[in-house]
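> I'd like to go over a predicted model; first the sequence, then the structure.
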Amino acid sequence: MELLPYTFKWIEVLLRWSHVLFAILWIGNSFLFNYLDNKLEKNTTSKGVDADGILQHSGWFYRVERLNAAPEKLSKNLIIFKWQSYLTFITGMLLLIIIYYANSKILMIDKRVNENITPLMGIGISIFSIIGSWLIYDLICKSKLINKKIIFIVVLLIIGAVISFCLTKIFGSRFAFLSVGVILGCIMFFNVFFVIIPNGKNITSSALNKEKFDLNLSISAKTRSVHNNLITFLVLFVMLSGHASFIWISQYNWIILSFLAIILGLIRHYFNLRAKKKI
């Protein structure tokens with residue numbers, strides 16, 4: 001076996017493993033913190049503590065407090081969860097490039113679907129679909145629709161279905177299906193990179209300077225975090241769909257994907273409501 005191809009195969013395997021590992025860590029954080037926000041009991045006795053609770057794990061008890069204002073003194077050991085997201089994105093993009101973009105003629109383009117699309121055009125459309133989808137989503141989040149939850153969700157579902165349908169008319173069925181997962185995963189990362197982490201840094205900076213922070217920053221970051229939480233099941237399903245060819249090879253794959261988005265989103269929402277004891 002020649003050394004170079006063998007090396008490339010090892011790089012691909014390690015990237016796949018790393019991508020899955022970092023995704024597990026990222027999604028685990030999302031599940032844990034959204035669960036805590038829903039599960040912690042409202043505290044009306046301790047000043048500065050919004051909610052608290054007791055956790056038990058591996059033989060130890062842990063007291064968890066959610067503060068309604070920044071603490072007077074921040075520890076140097078302040079933990080900010082971001083690298084799980086960053087590394088999931090980086091390894092995912094590297095996999096997209098070395099596996100699909102590098103072999104676009106074979107893995108992306110299907111002349112039976114669209115004979116006018118060249119490999120270079122396909123790569124350009126793929127990148128455009130990622131950036132364009134984020135810009136549309138971000139614009140809607142910053143509009144008044146964000147306050148009309150049902151309409152907001154319906155609008156996003158319709159836009160998502162249209163994008164999914166268009167992708168099936170451009171790429172081969174497998175890559176078209178996978179592209180939706182790539183788009184959603186990138187939106188999750190962009191939420192972290194452009195909203196959640198910057199807002200958190202602004203809040204931390206205000207705390208260090210003894211200034212009152214903008215509550216809207218917290219609300220915006222939390223809203224994006226909840227959005228990420230609600231689509232995790234769908235993203236995981238799509239990213240593992242390569243093992244379920246009967247789904248993505250179907251001519252109705254975009255319709256199947258739309259129904260999966262609704263069903264898996266509702267399941268995730270159910271668990272969030274259950275943690276709040278609302279059902």
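Cool, the structure landed.
> give me the pLDDT for the closest residue in space to Phe33 that isn't next to it in sequence.
In space, Phe33 comes closest to Ser225 once its chain neighbours are excluded; the distance is 7.2 Å by CB to CB, 6 or more residues apart in numbering. (C-beta placed from N, C-alpha, C; glycine too.) pLDDT recorded at Ser225 is 96.
> can you show me the strands along the stretch 151-279 of the chain?
Applying DSSP state E, counting those that start in this stretch to the stretch 151-279 of the chain gives no strands.
> my guess is Thr91 contacts Trp17. True?
No. With contact defined as CB atoms under 8 Å, Thr91 does not count as touching Trp17 (9.0 Å).
> between those two, point out the one with more neighbours.
Neighbour count, other CB atoms under 10 Å: between Thr91 and Trp17, Thr91 has more, with 20 against 11.
> any idea how far the more buried one lies from Phe233?
Distance from Thr91 to Phe233, counting by CB to CB, to the nearest Å: 21 Å.
> please apply the same query to Ser250.
Distance, Ser250 to Phe233, using CB to CB: 20 Å.
> could I get the average pLDDT for stretch 240-250?
89.
> go on, stretch 86-98?
Rounded mean pLDDT across stretch 86-98 is 97.
> who are the contact partners of Val236?
One thing to correct before we go on: residue 236 is Leu, not Val. Ala23, Ile27 (CB atoms under 8 Å, 6 or more residues apart in numbering).
> need the pLDDT of it.
pLDDT, read off for Leu236, is 94.
> mind checking how far the residue nearest the centre of the chain is from Ile197?
Centroid-nearest residue in the chain: Met188, 2.8 Å away (criterion: CA atoms, centre = their mean). Per CB to CB, Met188 is found 13 Å from Ile197.
> helices and strands around the helix ranked longest in the chain, which ones?
Longest helix of the chain, by residue count under DSSP state H: helix 3-39. When contacts are defined as 3 or more CB pairs under 8 Å, 6 or more residues apart in numbering; DSSP states H and E, helix 3-39 packs onto strand 60-67, helix 83-95, helix 215-239, helix 253-275.
> reformat those as TSV; add distance to Ile136.
Converted to TSV, the helices and strands packed on helix 3-39 look like this (distance: least, CB to CB, whole Å):
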stretch	distance to Ile136
strand 60-67	33
helix 83-95	19
helix 215-239	14
helix 253-275	16
